[in-house]
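[1] Here is the input, now give the coordinates:
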Amino acid sequence: MKTYKLQELCRIEKGKQIDTTKLNSQSQYKYINGGIKESGYYHEYNTDGETVIVSEGGACGYTNYLNEKFWCGCHCYKLTDCIVMPKYLYYTLKGNQDSIRALRSGATISNIKKKDFENFSLKIDTNTKRQKLIVYILDGISKAINDKTKQLAELDELVKSHFIALFGDAVENNKGYECSLLKNLTYKIGSGATPNGGKSNYPLTGISFIRSMNVYDGCFEYKDLAHINNAQAEKLNGVTVKTGDVLFNITGASIARTCVVPNEILPARVNQHVAIIRPTEKLNSIFVSYLLSSQPMKNKLIGIGEAAGATRQAITKGDLEKLLVIVPPLELQNKFAAFVKKVDEAKSIVKAQIQNLQELLDSKMNEYFG
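    Here you go, the predicted model:
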């Protein structure tokens, strides 16, 4: 291993600004301006061939590799003419991402100054065969993760397609099902509150406290699940979560995301950004969750939220109560729910495989660049 300054390994240039109003999905070339994904498509390109890019502003330090024509925006550094394998340099920088982010400076909007970036030190394995082997191994694991991630997305699409096949458009009701207001089909619709002191007063263990960051369409996100103590929970007894409750985000950027509460987190309460929808025996909870997250219904709900919130999207209890929903035969709802459970079992296996592959990738990254 030998230590180099980054400017000794490659040519470093900053990308160029464009008029973003000219971005068009019909254009040919990716426009990348920070982050790891394209921000749109542009009709011209300023970069071609193997290139490593690193975001210099905002979310500093994100690293990407491309081998194509694209437009590199002004918030990225593009690294070309490398004296090592470009893909090896990409993985090396990715393995040192935290250290690159530590280069950030700026009181209001942080960025990485070019001089600091050019003088950033990296330990490089100068053996070309070793570089190729490392890239081969890391590429293989990364591809396997991407393939499994696509498989997850395909399983999600399978459920959506099955919902449409059984129930059609939930807003237009083109299948001609019976309809009713949601308030006539629920025992409870209501949201909670945040205990005094906010997150600074959350204990590490206790009664689960569900926030909007935990609620996603069709799944519950356990990461960052907060907890409250018995005294705090008593003040929120009116929003005690029960088995089969549907969770629904009613404010902010995550508005209209919904899922069924998992039993393993009970007992639980919700904060003011999450509503509990407790269906009667006429509705299957899983059906309700997918009904509310079906694209036509989600569009309708987001529209309600945008119309109500001058500064922030918001859906009220009254909005949910007045929501007209289809009521297919319970047998058909249960059939759909059984299908979802089968798909969820398959998704759990794929998620475990992704986690194992990610742990392997992290281990290899640490072995090569730690």
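[2] What about Leu357, how many residues nearby?
    20 (other C-beta atoms under 10 Å). No exception for glycine: its C-beta is placed from N, CA and C like everyone else's.
[3] That should have said Tyr88, apologies.
    Neighbour count for Tyr88, taken as other C-beta under 10 Å: 22.
[4] show me the residues around it that make contact.
    Going by C-beta atoms under 8 Å, 6 or more residues apart in numbering, Tyr88 touches 125, 131-132, 134-135.
[5] Give me the buried subset of those residues.
    Buried members of these, scored by 16 or more other C-beta atoms under 10 Å, are 125, 131, 134-135.
[6] Which residue ranges of the stretch 151-300 of the chain form helices?
    Counting by DSSP state H, counting those that start in this stretch, one finds helices in the stretch 151-300 of the chain at the ranges 230-234, 285-293, 295-308.
[7] one step back: how about the contacts of Tyr88 in a markdown table, adding distance to Gln17, secondary structure and pLDDT?
    Shown next, in a markdown table, are the contacts of Tyr88 (distance: C-beta to C-beta, whole Å; DSSP: H, G, I helix; E, B strand; the rest coil; pLDDT from 0 to 100):
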| residue | distance to Gln17 | secondary structure | pLDDT |
| --- | --- | --- | --- |
| Asp125 | 36 | coil | 95 |
| Gln131 | 34 | helix | 97 |
| Lys132 | 36 | helix | 97 |
| Ile134 | 35 | helix | 98 |
| Val135 | 32 | helix | 98 |
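[8] now those as JSON lines including distance to Val343?
    Below are the contacts of Tyr88 laid out as JSON lines (distance: C-beta to C-beta, whole Å):
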{"residue": "Asp125", "distance to Val343": "44"}
{"residue": "Gln131", "distance to Val343": "41"}
{"residue": "Lys132", "distance to Val343": "40"}
{"residue": "Ile134", "distance to Val343": "37"}
{"residue": "Val135", "distance to Val343": "35"}
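[9] what's the closest of those residues to Gly305?
    Nearest to Gly305 out of these is Val135 (C-beta to C-beta; 46.3 Å).
[10] Please tell me how far the closest one sits from Gly73.
    Computed with C-beta to C-beta, to the nearest Å, the distance linking Val135 and Gly73 is 26 Å.
[11] before we move on, what about Asn119?
    As judged by C-beta to C-beta, Asn119 and Gly73 stand 23 Å apart.
[12] what's the answer for Phe336, then?
    Distance from Phe336 to Gly73, by C-beta to C-beta: 44 Å.
[13] between the two, which one's more packed in?
    Taking neighbours as other C-beta under 10 Å, Phe336 and Gly73 compare with Gly73 leading, 25 against 22.
[14] Report the contact partners of the more buried one.
    Applying C-beta under 8 Å, 6+ apart, we find Gly73 in contact with 15-18, 31-34, 39.
[15] Pass me the low-pLDDT residue ranges in the stretch 201-350 of the chain, would you?
    308-312 (pLDDT under 70).
[16] helices or strands next to the host helix or strand of Tyr136 in the packing?
    Assessed by DSSP states H and E, Tyr136 sits inside helix 128-167. On a contact count with 3 or more C-beta pairs under 8 Å, 6 or more residues apart in numbering; DSSP states H and E, helix 128-167 meets helix 86-95, helix 285-293, helix 330-369.
[17] So what touches the next helix or strand after the first one?
    Going back to what we said before, that points to helix 86-95. Elements were assigned by DSSP H and E; along the chain past helix 86-95, the next helix or strand is helix 97-101. If you take C-beta under 8 Å, 6+ apart as the criterion, helix 97-101 is touched by 54, 60-63, 93, 112, 117, 120.
[18] any chance you could map the strands in the stretch 151-300 of the chain?
    Ranges of strands in the stretch 151-300 of the chain, per DSSP state E, counting those that start in this stretch, are 178-181, 186-191, 207-210, 215-216, 219-220, 226-228, 240-241, 246-249, 258-260, 268-270, 274-279.
[19] Mind putting the ones you listed into a markdown table with mean neighbour count and distance to Val325?
    Below are the strands of the stretch 151-300 of the chain laid out as a markdown table (neighbours: other C-beta atoms under 10 Å; distance: least, C-beta to C-beta, whole Å):
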| stretch | mean neighbour count | distance to Val325 |
| --- | --- | --- |
| strand 178-181 | 12 | 7 |
| strand 186-191 | 17 | 10 |
| strand 207-210 | 24 | 23 |
| strand 215-216 | 20 | 19 |
| strand 219-220 | 16 | 21 |
| strand 226-228 | 20 | 31 |
| strand 240-241 | 20 | 21 |
| strand 246-249 | 26 | 12 |
| strand 258-260 | 24 | 13 |
| strand 268-270 | 27 | 21 |
| strand 274-279 | 24 | 10 |
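[20] Adding distance to Phe287, write those strands out as CSV.
    Below are the strands of the stretch 151-300 of the chain laid out as CSV (distance: least, C-beta to C-beta, whole Å):
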stretch, distance to Phe287
strand 178-181, 14
strand 186-191, 13
strand 207-210, 21
strand 215-216, 17
strand 219-220, 16
strand 226-228, 29
strand 240-241, 19
strand 246-249, 10
strand 258-260, 10
strand 268-270, 21
strand 274-279, 9
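[21] before we move on, the earlier item: can you tell me which of the helices and strands packed on helix 128-167 comes nearest to Asp217?
    Comparing the helices and strands packed on helix 128-167 by C-beta to C-beta, helix 285-293 comes nearest, at 4.3 Å.
[22] now the angle from that closest one to helix 295-308?
    60 degrees (axes from the mean of the first three to the mean of the last three C-alpha atoms, to 10 degrees).
[23] For helix 285-293, name the packing helices and strands.
    Packing partners of helix 285-293 (3+ C-beta pairs under 8 Å, 6+ apart): helix 128-167, strand 246-249, strand 258-260, strand 274-279, helix 295-308, helix 330-369.
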